[in-house]
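Novice: I need the structure of the sequence given here:
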Amino acid sequence: MRILIIEDEEKLAQALKKGLEKDGYAADYIMDGEAGQRRIELSHKDYDLVILDLMLPKRSGFEVCKNVRELNILIPILILTARDAIEDKVGVLDSGADDYLVKPFSFEELLARVRALLRRPEQSLPLEIRIGDLVLNTTTRKVHRQDNEILLTLKEFGLLEYMMRHPNQVLTREQILDHLWDFAFDSFSNVVDVHIKNLRKKVDGNYDEKLLETIRGVGYKIKG
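Specialist: A predicted model of the protein is given here:
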């Protein structure tokens with residue numbers, strides 16, 4: 001899952017990015033509302049969630065949220081606010097936000113809110129994804145095949161989940177990089193190929209039916 005952070009306190013933005021990446025998400029941050037709204041408008045399909053501060057230079061979080069909703073962009077938005085008054089909370093939700101957190105907050109609570117929002121995106125997604133005898137649980141982050149648990153790294157889990165949400169669809173290296181790594185990542189790196197190779201060993205290695213396929217010159221897919 002990939003998350004966009006729009007936060008003008010750089011130390012907080014960096015801390016959120018680092019913490020989210022440690023938990024297996026890819027994250028980018030932007031430090032003003034105008035640029036943040038532009039990124040959402042141009043690249044909302046590349047992100048699964050936006051963490052949006054309310055008090056931003058150039059354009060407030062209220063305005064950003066309201067403007068992108070008017071464009072019918074339905075990406076989940078979690079607002080960060082220093083305001084604790086009931087009318088401010090109502091205003092946040094009325095602007096089109098899906099949830100809010102009042103500063104200061106614990107990172108564990110932020111992660112819980114993020115997980116909850118990612119479980120209810122534009123189209124309801126199952127907590128458990130099955131392809132044949134392969135089962136991935138998005139809540140426990142456990143993967144089983146024929147009742148055998150497959151131990152994956154966070155990036156391998158994210159890659160497998162992305163592929164299982166798009167069965168029989170060829171995913172290019174660029175699509176995978178965009179979804180699982182941030183914009184700064186070198187698109188010419190072979191990191192995707194390395195992760196696919198490791199994932200294939202774990203998911204397909206000891207089984208007769210091979211689920212992961214390489215489409216030469218294009219990318220990869222998982223058979224649904």
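
Novice: list the buried ones in stretch 96-107?
Specialist: Taking 16 or more other C-beta atoms under 10 Å as the basis for neighbour counts, the residues of stretch 96-107 that come out buried are 96-98, 100-101. For glycine as for every other residue, the C-beta is placed from the backbone atoms N, C-alpha and C.

Novice: now the strands for the protein?
Specialist: For the chain, strands defined by DSSP state E occupy the ranges 2-6, 26-30, 49-53, 77-81, 99-102, 128-131, 134-137, 142-145, 148-150, 171-172, 212-215, 219-222.

Novice: tell me the most buried of those?
Specialist: Stretch with highest mean neighbour count among the strands of the chain: strand 49-53 (a mean of 26; mean count of other C-beta atoms under 10 Å).

Novice: tell me how far Glu9 lies from Ala82.
Specialist: In this view, Glu9 and Ala82 are 11 Å apart by C-beta to C-beta, to the nearest Å.

Novice: what about the two, which has more around it?
Specialist: Taking neighbours as other C-beta atoms under 10 Å, Glu9 and Ala82 compare with Glu9 leading, 14 against 11.

Novice: and the pLDDT for that one?
Specialist: Per-residue confidence (pLDDT) for Glu9: 93.

Novice: contact partners for it?
Specialist: Taking C-beta atoms under 8 Å, 6 or more residues apart in numbering, we find Glu9 in contact with Asp53.

Novice: swap the cut-off to 10 Å and go again
Specialist: By C-beta atoms under 10 Å, 6 or more residues apart in numbering, the contact list for Glu9 reads 15-16, 31, 53, 55, 80, 103.

Novice: among the residues you listed, which two are most distant?
Specialist: Ala15 and Met55 (17.4 Å; C-beta to C-beta).

Novice: please pull out the lowest mean pLDDT helix or strand from this protein.
Specialist: helix 86-94 (a mean of 72; mean pLDDT, DSSP states H and E).

Novice: between the contacts of Glu9, which is nearest Ile3?
Specialist: Checking those against Ile3 with C-beta to C-beta, the nearest one is Leu16 at 8.6 Å.

Novice: for the closest residue to that closest one other than its chain neighbours, give me the pLDDT.
Specialist: Distances taken as C-beta to C-beta, 6 or more residues apart in numbering place Ile5 nearest to Leu16, at 5.3 Å, with adjacent residues excluded. Turning to Ile5, the model gives it a pLDDT of 97.
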